[in-house]
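*Asks:* Build me a structure from this.
(chains A, B, C, D and E)
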Amino acid sequence: MGICTFTGLAMLKMLAGFLLLLFISDGISSEQGCSYQNVLNYLNLTRSNELFSMTRPVKNYNTPTHVSLEVLLYAILDVVEKEQKFIPYVWTVMRWNNEYISWDPNQFCGIDNVSIPTDILWKPDLTIEEMTEKDKAPPSPYLTISHEGDVEVQNDQVLVSTCMMHIYEFPFDIQSCSLSFKSVVHNAREIKLYASENSSEATELSRELMRTQYEWLFINMSVSTNYANKSADPDVVIFTINMKRRPIMYIVSFLLPVLFFLCLDLASFMISDSGGEKLSFKVTVLLAVTVLQLILEKILPSSSNIVPLIALYCIGVFALMMLSLLETILVMYLTGKDSQDNETDGDQSLESCNKDQAP
Amino acid sequence: MGICTFTGLAMLKMLAGFLLLLFISDGISSEQGCSYQNVLNYLNLTRSNELFSMTRPVKNYNTPTHVSLEVLLYAILDVVEKEQKFIPYVWTVMRWNNEYISWDPNQFCGIDNVSIPTDILWKPDLTIEEMTEKDKAPPSPYLTISHEGDVEVQNDQVLVSTCMMHIYEFPFDIQSCSLSFKSVVHNAREIKLYASENSSEATELSRELMRTQYEWLFINMSVSTNYANKSADPDVVIFTINMKRRPIMYIVSFLLPVLFFLCLDLASFMISDSGGEKLSFKVTVLLAVTVLQLILEKILPSSSNIVPLIALYCIGVFALMMLSLLETILVMYLTGKDSQDNETDGDQSLESCNKDQAP
Amino acid sequence: MGICTFTGLAMLKMLAGFLLLLFISDGISSEQGCSYQNVLNYLNLTRSNELFSMTRPVKNYNTPTHVSLEVLLYAILDVVEKEQKFIPYVWTVMRWNNEYISWDPNQFCGIDNVSIPTDILWKPDLTIEEMTEKDKAPPSPYLTISHEGDVEVQNDQVLVSTCMMHIYEFPFDIQSCSLSFKSVVHNAREIKLYASENSSEATELSRELMRTQYEWLFINMSVSTNYANKSADPDVVIFTINMKRRPIMYIVSFLLPVLFFLCLDLASFMISDSGGEKLSFKVTVLLAVTVLQLILEKILPSSSNIVPLIALYCIGVFALMMLSLLETILVMYLTGKDSQDNETDGDQSLESCNKDQAP
Amino acid sequence: MGICTFTGLAMLKMLAGFLLLLFISDGISSEQGCSYQNVLNYLNLTRSNELFSMTRPVKNYNTPTHVSLEVLLYAILDVVEKEQKFIPYVWTVMRWNNEYISWDPNQFCGIDNVSIPTDILWKPDLTIEEMTEKDKAPPSPYLTISHEGDVEVQNDQVLVSTCMMHIYEFPFDIQSCSLSFKSVVHNAREIKLYASENSSEATELSRELMRTQYEWLFINMSVSTNYANKSADPDVVIFTINMKRRPIMYIVSFLLPVLFFLCLDLASFMISDSGGEKLSFKVTVLLAVTVLQLILEKILPSSSNIVPLIALYCIGVFALMMLSLLETILVMYLTGKDSQDNETDGDQSLESCNKDQAP
Amino acid sequence: MGICTFTGLAMLKMLAGFLLLLFISDGISSEQGCSYQNVLNYLNLTRSNELFSMTRPVKNYNTPTHVSLEVLLYAILDVVEKEQKFIPYVWTVMRWNNEYISWDPNQFCGIDNVSIPTDILWKPDLTIEEMTEKDKAPPSPYLTISHEGDVEVQNDQVLVSTCMMHIYEFPFDIQSCSLSFKSVVHNAREIKLYASENSSEATELSRELMRTQYEWLFINMSVSTNYANKSADPDVVIFTINMKRRPIMYIVSFLLPVLFFLCLDLASFMISDSGGEKLSFKVTVLLAVTVLQLILEKILPSSSNIVPLIALYCIGVFALMMLSLLETILVMYLTGKDSQDNETDGDQSLESCNKDQAP
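*Replies:* The predicted model follows:
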């Protein structure tokens, strides 16, 4: 019976042991170790552990999550005036604290940070207000967690964003486009958002990174934070990129030719009114300017309420040429009328000449 | 034996305990707590719990789900007349009640709402009838649930929708494009859909939000609900966006040049018929108008059953010029014939002159 | 001992009970109830139950699955002649029977249908033969199952399909494009496919639905079913959409201008051959027609083996103008030669005149 | 004690039975049956069974997997000379043997094949070397397995592939584009690849399937297999599609007009040199040819090292016209000089005439 | 009792056995075997085993992972000067060691490598700095692991990358575009990156692979490694592709015509100033050059700070023609004035003549 008891007890223990083993085997298998997996096992950080992916990782819901944000400009890929699109290639770094992550590096041979797949941890739902298309660049597959619970996500993103263009001074314009980061569902009490760099740092670092500057010359980047007035609103961090257009190709291929044609039109006043060539010359030059003006329409958005200077320049040149044409036609008409009168006079004088010769 | 019994019973209890532990461990681990995860544990709200994601979350199937909808306009990104596309950038908020979600905030240190990943809860299958492409903007990853079971989903969407354009008065036209929200599989008895804002609120809020107004000036947004006649049909909430085109660039780059060319053509009547320059001038002006007319064809859809005014204007100017050209040719022909007759007369008079001189 | 036996037996029962509980807890928890989840529990319809998602849902493999198909036309979004693409926006409804789904509505407070996520049930692999791109519209997330096992999937799809265009009579053409639905892996013995509407119903319903008709006027939709000859082949249901182009913009912007230019060319015969203006006039008109012809090339596919009427019209006008130009040159040449001969005669007469004057 | 023993044993058996039941319940539930699910249960073919999805399905790794490949051409969707792209719409069928799949049809009422979702079985990693974009057509969701372990995957694919274009004889050119199928990670010892059709069969079947032939006329399809020289290399099956361009639209809209303009230029030699109209005529014709030449630049890739015949034709016509223009200018210059000399002679004669008249 | 003990023990063993069986069944089922699955079972390499997919696969975190990289160029698909885009089609091979993978081939009939799905193993997070769009080509679904733990991933990728274009010498330019591979989250202490080929090998192998060279002639590929200065920075391997444009089409369709027109303009000096044809001729030639110049604007980015030679050539020719036109106008004006003076002289002489005749 004692044996039976023992057997029962032993069996009990064995069973418990086995079940425990089951627990342990996907829990904390070995408490110390030098591999990254040991840390994850210690933290019980697995794909299926919903503690890490479901909610904001704070132990008391009143604790806000401090999210620091760093944005650097890699390249200005495209600026489409017609569609008011701005496509920068940026480098973003987000950092925040996860209270469920914490380990003693001494227990794990000194491991103080581990990189793990991005999708198994909760991430702040920062969106960019101006963004109108999904990020086209491949996302970074891993993020880094430190032993103090700090999580860092780095990413390079191609942002297709909408930006209000000021085309009044085109092509000598300076544009400033903003990227406003904010959380969609978390208010300022839940997520405290701030930029980890100030404007001058961001500008300097971006300048170092910038590889290819095409049409647009990066001037600077200003960083500002709009702290929420009401706690129900989210904090907003705004990165504003200022840039200057390089106008040289527009000068060479548009402004100069139009000016040339204007010169030609002015020079045409020296052509004598008598022959038909003056009119033909002037109307051909007008046609050439019309063709050039169509190019302009491809570049500029047909939208602004103020007519840009370049359109005024173009339509001005056009109008000037038209007026000079009208003036030429008028002069020719008057001259023609005059000479007709003269001719009739001439005919009279010829008649008189004939009369003179007659006798 | 008693011991054996005891052992058996104890073993039984132990086993039951372990199994209970298994249950509990992924059920309700700690009944009170201040972290969001405590709430989720209390609700048993996990990714694998199909109670939350499979069906409409009501305890009695006769209870309808009231879905409130709020749509605000962020920006009018594009209006493509040629393809009859309307691409607004909107902010949508959907709210409904999930009967399986409910907790007492007092039990959880006052937590009254939790944000969780979007994909683990049932969502109403609202579609926009006019939408022809998937949302291009990145979706919001989280939604918010309240302790009373209210679920709120916020999203900013770039909607590529089809819209009937009225181009008769182009470019002085006003367009109104609709977004009709309705459920695909749920009828009005199952989902009661209504807008949480009236027309004037929606207009005012959208006006505040609107950042970049390009070609289109937002006038207002009207909200209306078509309640289903038959209970088998779904409710439909229709948001209609009215907007006005800013015509200034079209005036500057199309209407004015055409008018200028018409003036030139009229002015050309002052050119004397004698030389070849009149014809050459007029046909070159006609060519320029033809080129401008091709621009028009790029903008306007080749589809409407009514010819838009601008096309009539253009083809009218074209026809006028052609008629004036034909008239010029006719006049020249008649003048030519006349002068030929005169010449023969002149020859006769010359002959007579010679005769006069002869003796 | 008896006790021991009892204990053992009891323990046995308890264990069995617990295990049963495990079964039940994710099986049939409560046999009656008024919530949708009760039905799913009764059916054991879960995401992980492979019975529902893996194979054709029949209890005997010889039973064919009857799939009824309904297609309605919402809008004709685009017809690209150049690329022979046809992009309709259609509404499709598929219905079939799942033998594993069945419940007694009386047991569940009268619930006779439940909507569940689309991806957890087997669906017939109907493809459209002509389709060349994935559906761009967002798919419907839910389908409906009835208590008799009928499954209904509704979807609105933007179909990018290839279609043989007949451009001979462009722009007065009528096009008919087909959408052929068939199963890829299932033959006619396995899936019996039929249309749930006849041609006239489909036409009438589509006419009611159609919102925006742009360039194309919907004529009708015919539905036909090609039953497989051999049982190894699949049934094919073909929906053919007939539509008529609205030619008015093409008339206004292409046919009329070309006709105008032809008139001008004909009128130019009245211009006197003497001056250079006739040639210059005719060649400018020819240039204008060339420019217009290039527009044509953008619209029409460079592919057909029959030259479309409009191209013949265009090249005909072009050839006519060229011939008239050649004729003009020839006439001018001959006239010139004639007048040269006359001039030499004239010189002779002048000489004689001088001679006459000499004495 | 015996009872106790019995109890223990019984309990043991019961436990074993339950555990067995657990096994069975997701293993082989019922050995015979007429539903497809019975077969899958017998095979233990579930989504989670990694035996089927992880590795090449052979019991001995030395056994090669024979993969037969069938490719039929549905349509030639696009050929972009400028970007050297070839976009065919093909029908591919892959067949291979899975050694883990095998059942006796007699045990299952005669079921000899089952269709199951595509993603749960291992598939050969065949890629097309020339392919540069992901398949745009929706993939087939199911594949078929037979009772002998043969797996068949059918798919219709829109392949965006790169193809070396030979544009020397454009638009009378014949292009041949290849699709080379090979495995990326498996060498010829592991996957033996062969085409299940020969060239003439492939050609004939494709001809039957072909629905829409636009610009390109399908000539034939040749199938060849490059067996690997070294066993570490993979077998390659190459399908070469030969096709002929239909040149009629290019003739009508490009070759003919250029020829017409050349005729006009030649005819212009008959225009008298005296007036200014000859030069003006010739330069306008030259301008028209320039405009047409720009069209050519849109079609042809600016890449080939051999100048295509059509470009030579065009630049030849251009050069010819220019030479004739230069010749005209020279002749006019010389004539002008001559007539000036004559004029001075004429002045002299006039002077003499005056002298004659003087006295 | 002994029996009871035995029973208990036996039961214990049986239970243990069953549980062990459970373990084993998804662990190491059979220690020896000739199928790939045996190896995976031995390694316990399953989709759910997070040991393989979560962290860098080293047993001691101080061990760096050596990643060797091989990049071969397949084709240069596109070079877009306007958008500064470079789209190569490359073949990349990555190799590294996974310390958790290791088996004795002798135990498994000599299996020394296994191919498994790509997504179940950890992969280095190598990104290409210049890449701005996700890989468009379909990724390879399998990777290969060897018995020593070496993992090899092969992939063919279509890389849309940004590249600084030097267009000064266009179209006789040589471009060099870089692809910089580096890890995002791992520094040089964690991932040691090196290229497995040197520049000459890469060039030679790429030359063999290259199939289609369109506009761009591949010159060579240079490989260099930037070892991190600070251990916190990552190693960077840079592949630089040098290529030469084939300028022949640009010569034929742009440079030659412009030169032709310049010749015509120079030749026009031989045209006599008297008639109107000289001016008309010159202005038409100028118009033609303007049209050609617009083509240039489509190709060249409107961005560079140095004006490319070809633009200078074009604007130079343009300016030259304009100056010659102005000169012509001036000469005509002066000649006209002169002849007017002469005429008045002539009138005077005529008067005197008349006077002479008078008496």
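*Asks:* How is chain A partitioned into domains?
*Replies:* Under the assignment automatic domain parsing, the domains of chain A span A:51-246, A:250-340.
*Asks:* Next, see if the shortest one gets close to chain E.
*Replies:* Translated: domain A:250-340. Yes. Judged by CB under 8 Å from any CB of the partner chain, domain A:250-340 comes into contact with chain E through A:250, A:252-253, A:256-257, A:260, A:263-264, A:267-268, A:270-272, A:275-278, A:280-281, A:284-285, A:287-288, A:291-292, A:295. Using the backbone N, CA and C atoms, a C-beta is placed for each residue, glycine as well.
*Asks:* Next: stretch A:203-210.
*Replies:* No. On the criterion CB under 8 Å from any CB, stretch A:203-210 is out of touch with chain E, staying 9.6 Å away.
*Asks:* Contacts for that stretch, please.
*Replies:* Stretch A:203-210 is contacted from outside by A:72-75, A:91, A:197, A:218, A:220-222, using CB atoms under 8 Å, 6 or more residues apart in numbering or on different chains.
*Asks:* what's the model's confidence in that stretch, averaged?
*Replies:* For stretch A:203-210, mean pLDDT rounds to 88.
*Asks:* Next, report how far it is displaced from the centre of its chain.
*Replies:* Chain-centre distance of stretch A:203-210: 16 Å, with CA atoms, centre = their mean, to the nearest Å.
*Asks:* Could you give me the buried positions within that stretch?
*Replies:* Residues A:203, A:205-206, A:209-210 are the ones in stretch A:203-210 that count as buried (16 or more other CB atoms under 10 Å in any protein chain shown).
*Asks:* Using TSV, lay out those residues together with secondary structure.
*Replies:* Below are the buried residues of stretch A:203-210 laid out as TSV (DSSP: H, G, I helix; E, B strand; the rest coil):
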residue	secondary structure
A:T203	helix
A:L205	helix
A:S206	helix
A:L209	helix
A:M210	coil
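*Asks:* before we move on, the earlier item: looking at the domains of chain A, spot the one closest to C:C314.
*Replies:* Smallest distance to C:C314 across the domains of chain A (CB to CB): 23.0 Å, for domain A:250-340.
*Asks:* Can you pull out the low-pLDDT segments for chain A?
*Replies:* By pLDDT under 70, the low-scoring segments of chain A are A:1-32, A:211-212, A:274-276, A:301-305, A:343-359.
*Asks:* Please, where are all the helices along it?
*Replies:* Applying DSSP state H to chain A gives helices spanning A:2-25, A:36-43, A:50-53, A:199-209, A:248-250, A:256-267, A:277-299, A:309-357.
*Asks:* rewinding a little: would you tell me which of the domains of chain A gets closest to C:S68?
*Replies:* Using CB to CB, the domains of chain A put domain A:51-246 closest to C:S68, at 37.1 Å.
*Asks:* chain center to the closest one, what's the gap?
*Replies:* 13 Å.
*Asks:* Quick one: end-to-end distance for that domain.
*Replies:* End-to-end distance for domain A:51-246, by CA to CA, to the nearest Å: 52 Å.
*Asks:* go on, stretch A:297-306?
*Replies:* Terminal-residue distance, stretch A:297-306 (CA to CA): 15 Å.
*Asks:* quick revisit: make JSON lines out of the helices of chain A and add distance to A:N106.
*Replies:* Below are the helices of chain A laid out as JSON lines (distance: least, CB to CB, whole Å):
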{"stretch": "helix A:2-25", "distance to A:N106": "23"}
{"stretch": "helix A:36-43", "distance to A:N106": "12"}
{"stretch": "helix A:50-53", "distance to A:N106": "24"}
{"stretch": "helix A:199-209", "distance to A:N106": "34"}
{"stretch": "helix A:248-250", "distance to A:N106": "62"}
{"stretch": "helix A:256-267", "distance to A:N106": "72"}
{"stretch": "helix A:277-299", "distance to A:N106": "63"}
{"stretch": "helix A:309-357", "distance to A:N106": "68"}
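*Asks:* For D:D119, which of these is the nearest?
*Replies:* Among these, the nearest to D:D119 by CB to CB is helix A:50-53 (23.7 Å).
*Asks:* and the closest one, what other elements does it pack with?
*Replies:* helix B:36-43 (3 or more CB pairs under 8 Å, 6 or more residues apart in numbering or on different chains; DSSP states H and E).
*Asks:* Could you rerun that using 10 Å?
*Replies:* Contact here means 3 or more CB pairs under 10 Å, 6 or more residues apart in numbering or on different chains; DSSP states H and E; on that basis helix A:50-53 packs against helix B:36-43, strand B:113-117.
*Asks:* Pull out the buried residues from stretch A:63-77.
*Replies:* Neighbour-count burial for stretch A:63-77 [16+ other CB under 10 Å]: A:64-65, A:67-77.
*Asks:* What about those residues, which are in strands?
*Replies:* A:65, A:67-77 (DSSP state E).
*Asks:* In a markdown table: those residues, plus distance to C:Y36.
*Replies:* Shown next, in a markdown table, are these (distance: CB to CB, whole Å):
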| residue | distance to C:Y36 |
| --- | --- |
| A:T65 | 36 |
| A:V67 | 39 |
| A:S68 | 45 |
| A:L69 | 43 |
| A:E70 | 47 |
| A:V71 | 46 |
| A:L72 | 51 |
| A:L73 | 51 |
| A:Y74 | 50 |
| A:A75 | 52 |
| A:I76 | 53 |
| A:L77 | 49 |
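*Asks:* Arrange the residues you listed in JSON lines, one row each, with distance to chain E as further columns.
*Replies:* JSON lines is the format used below for these (distance: CB to the nearest CB, whole Å):
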{"residue": "A:T65", "distance to chain E": "21"}
{"residue": "A:V67", "distance to chain E": "18"}
{"residue": "A:S68", "distance to chain E": "17"}
{"residue": "A:L69", "distance to chain E": "17"}
{"residue": "A:E70", "distance to chain E": "14"}
{"residue": "A:V71", "distance to chain E": "16"}
{"residue": "A:L72", "distance to chain E": "13"}
{"residue": "A:L73", "distance to chain E": "13"}
{"residue": "A:Y74", "distance to chain E": "8"}
{"residue": "A:A75", "distance to chain E": "6"}
{"residue": "A:I76", "distance to chain E": "10"}
{"residue": "A:L77", "distance to chain E": "6"}
